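Participant: need a structure here:
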Amino acid sequence: MFKGLKRLMFMVFIMVSILVVFGSVAFAGEIGTATTNEVIMAEIDKTNDYIYKEIEKTKEVANMEVLNTSKKIQHEQSKLDKLDNIQDDRVRQIEKNKINEKIQKLERELDKTIDKLCERLIKKTDKKVEELIKKANKYNIEIVKEYIEVTIYNKTILVDPCCAH
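Facilitator: Model prediction:
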């Protein structure tokens, strides 16, 4: 009877030892995965915050550029109004053409500036998202690009905040 009880106790001891050793490893793996997911989700939130802040900064800079250009255009248009005092039609027309050309140049420069701002925003946000995707791929977490439309002055572009799957 004692021999059977010793065997039973020995078998229970072996089983408990196996459960303790392998059970803790499996549990540690689950904790590591949960922690990794939490870290990646925090990185996604941080990246998205960065993207939205960059969008707002770009909009503010664009608005300042539009405001400055509008003031310059208004100044040039006020010059047009003063040209009515010139008696010589030929001279008046030449001056009007010069002023209109200058206004068109200001408008073209504004368009170029807005285009550059949009390009810079797209490059900055894409770079940040690509870094995050590489980081998440190391942990087998898929991050999907989901573009949103953003309007900067008169240009609509697509910018990519992240979403994990």
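Participant: mind listing what's buried in stretch 148-165?
Facilitator: 150, 152-153, 157, 159-162 (16 or more other C-beta atoms under 10 Å). C-betas here are computed from N, CA, C, even on glycine.
Participant: Centre of the chain to it, how far?
Facilitator: Distance, stretch centre to chain centre, for stretch 148-165: 8 Å (C-alpha atoms, centre = their mean, to the nearest Å).
Participant: Could you list the low-pLDDT ranges of this protein?
Facilitator: Where the chain drops to pLDDT under 70, the residues are 1-6, 8, 10, 12-13, 19-34, 162-165.
Participant: contacting residues for residue 53?
Facilitator: Contacts for residue 53 were tallied using C-beta atoms under 8 Å, 6 or more residues apart in numbering; there are none.
Participant: Which strand or helix spans it?
Facilitator: Here residue 53, judged by DSSP states H and E, is contained in helix 2-82.
Participant: quick one on the thing from earlier: from the buried residues of stretch 148-165, pick the one nearest residue 49.
Facilitator: Among the buried residues of stretch 148-165, residue 161 lies closest to residue 49 (C-beta to C-beta), at 9.4 Å.
Participant: Thank you, goodbye.
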